[in-house]
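*Asks:* Here is a sequence with its predicted model. Questions after.
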Amino acid sequence: MSDYKINTKCVQGGYAPGNGEPRQIPIVQSTTFKYATSEDMGALFDLEAEGYFYTRLANPTNDYVAAKLAELEGGTAAMLTSSGQAANFFALFNICECGSHIVASSSIYGGTFNLIYATMAKMGIDVTFVSPEATEEELNAAFRDNTKVMFGETIANPALTVLDIELFAKVAHEHGVPLVVDNTFPTPVNCRPIEWGADIVTHSTTKYMDGHGVAVGGAIIDSGKFDWMAHADKYPGLCTPDESYHGITYAEKFGKEGAFITKATAQLMRDLGSIQSPQHAFYLNMGLESLHVRMARHVENGQAVAEFLESHPMVEKVNYSGLKSDPYYETAQKYLPKGGCGVVSFVVKGGRQAAEKFMKALKLAAIETHVADARTCCLNPATSTHRQMSDAQLEEAGIPAGLVRMSCGLEDKEDLIYDLKQALDIL
Ligand SMILES: *Cc1c(COP(=O)(O)O)cnc(C)c1O
């Protein structure tokens, strides 16, 4: 599949049925797998033979879909997780341990921020947050001797900042650590971080990849490029024998291409669970088959809505990297030449009260905390998710009371604009 275009990989990647086999990927709805002898199964446990023994670690349906994701992102191996949160945790915890330090962009999803800042801190893992606009010197200054990984989001949810992936990768590599990029919002259709130097890519497949608001899920894709053995002192988990797994040294036995995902499967999935169910993997694949068609429409609608909002007198500010007025426009032209995604955020004039009135007047756009599926939805943090915060606190957190996040779905853009116009016109 590797020579085909991304559109073709979306439809046919990952699974090539043989003569007389099912055209659609089979859902292997089985927790266990049967073997003729104990030796057969022992070889699987020893990672000497390929195959399946228990769905907590791996399942054929998941692996078809993971193989498609590896093709889409240009990686060598991939795995599915039960959620985007699990994907980011596994990607980071596969290389960090108590005493490690992470350098992360401050402009990331709230759930990931909490994961790193609060939960991983309890495991003895420190973090330094850096601005996505930091200079090379500022990025370098955040590193310590115990830094094991750098992290950022291609397009941040919900701030919509765009990451300078090439710069982050350069700095990470100069310090001998890999760059992990959460590529949820653009999807590999609009950006492939590995081509810009990222080493590991993560996804909340719950968003555009599923695309229909059906199944929570996540994924990790390894570029196969990071040379763990060249930094063996930093990564004992990959470069020294795993006593909990028959003394295997992952980086030695599976090489650069396979070590990361094999360890995350054999060790983290075994001990922490969090695999995606085969049924969810099947839904995910259905979404992937039309991802390239849908992303183009999400971008078309996002761009049209952003341009309309920018022209409306009741709108104070619009954040969308496809707008020339956006501070991330130039960065987006480089990394997202086909556009970013369908999520736009904007500030209505008149603060909390105006935002509340505006939200009530919307007819087509539903009020939801979700983003990135076929149906357009809106959220005003000040009157919903962040309602306990005062206007001053909101301002300080960079969330003005009048801020609305809108995820443009696949409806007709003229209807979306009409809905916004009638709600803004009454303010
Ligand atoms: C939603 C989201 C997550 C978390 O994913 P879940 O599937 O909800 O666990 C992580 N990163 C980004 C960028 C997201 O948008």
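*Replies:* Perfect, I can see it now.
*Asks:* Chain neighbours aside, what residue packs nearest to the residue of the stretch 51-200 of the chain found nearest the ligand?
*Replies:* Here the stretch 51-200 of the chain gets closest to the ligand at one residue, G84, 2.2 Å apart by C-beta to the nearest ligand atom. All C-beta spots, glycine's among them, are computed from the backbone N, C-alpha and C. Leaving out its chain neighbours, the residue that sits closest to G84 by C-beta to C-beta, 6 or more residues apart in numbering is S204, at 2.5 Å.
*Asks:* contacting residues for the one you found?
*Replies:* 83-85, 87, 109, 182, 184, 217-218 (C-beta atoms under 8 Å, 6 or more residues apart in numbering).
*Asks:* before we move on, back to that, in contact with the residue of the stretch 51-200 of the chain closest to the ligand, which residues?
*Replies:* 109, 111, 182, 184, 202-207, 216-218.
*Asks:* Try it again at 7 Å.
*Replies:* 184, 203-204, 206, 218 (C-beta atoms under 7 Å, 6 or more residues apart in numbering).
*Asks:* Please spell out the ChimeraX selection for the buried subset of the residues you listed.
*Replies:* Selecting only the buried entries of the contacts of G84 in ChimeraX, with 16 or more other C-beta atoms under 10 Å as the criterion:
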select :184,203,204,206,218
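*Asks:* can you redo the contacts of G84 as CSV with distance to P337 and pLDDT?
*Replies:* Compiled in CSV, the contacts of G84 are given as follows (distance: C-beta to C-beta, whole Å; pLDDT from 0 to 100):
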residue, distance to P337, pLDDT
T184, 19, 98
H203, 20, 98
S204, 23, 98
T206, 26, 98
G218, 26, 98
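*Asks:* Return the distance of stretch 392-410 from the chain's centre.
*Replies:* 21 Å (C-alpha atoms, centre = their mean, to the nearest Å).
*Asks:* Report the buried residues of it.
*Replies:* 394, 399-410.
*Asks:* Please measure how far the first residue of it sits from its last one.
*Replies:* From its first residue to its last, stretch 392-410 covers 36 Å (C-alpha to C-alpha, to the nearest Å).
*Asks:* Now that stretch: average pLDDT?
*Replies:* For stretch 392-410, mean pLDDT rounds to 90.
*Asks:* can you tell if that stretch touches the ligand?
*Replies:* No. Interface with the ligand: stretch 392-410 contributes nothing (C-beta under 6 Å from any ligand atom), its closest point being 10.3 Å away.
*Asks:* residues in contact with that stretch?
*Replies:* Applying C-beta under 7 Å, 6+ apart, the contact partners of stretch 392-410 are 158, 294, 297-298, 301-302, 305, 316, 342-352, 354-355, 365, 371-382, 386, 391, 416.
*Asks:* biggest helix in this structure, by residue count?
*Replies:* Selection of the longest helix in the chain by residue count, based on DSSP state H, yields helix 291-311.
*Asks:* Now do that one: which elements does it pack against?
*Replies:* Applying 3 or more C-beta pairs under 7 Å, 6 or more residues apart in numbering; DSSP states H and E, we find helix 291-311 packed against helix 6-12, helix 187-190, strand 315-319, strand 343-348, helix 413-425.
*Asks:* Point out the most buried one among those.
*Replies:* Among the helices and strands packed on helix 291-311, the stretch with the highest mean neighbour count (mean count of other C-beta atoms under 10 Å) is helix 187-190, at a mean of 27.
*Asks:* who's in contact with that one?
*Replies:* The contact list for helix 187-190, computed with C-beta under 7 Å, 6+ apart, reads 6, 72-73, 208-209, 291-292, 295, 336, 338-340.
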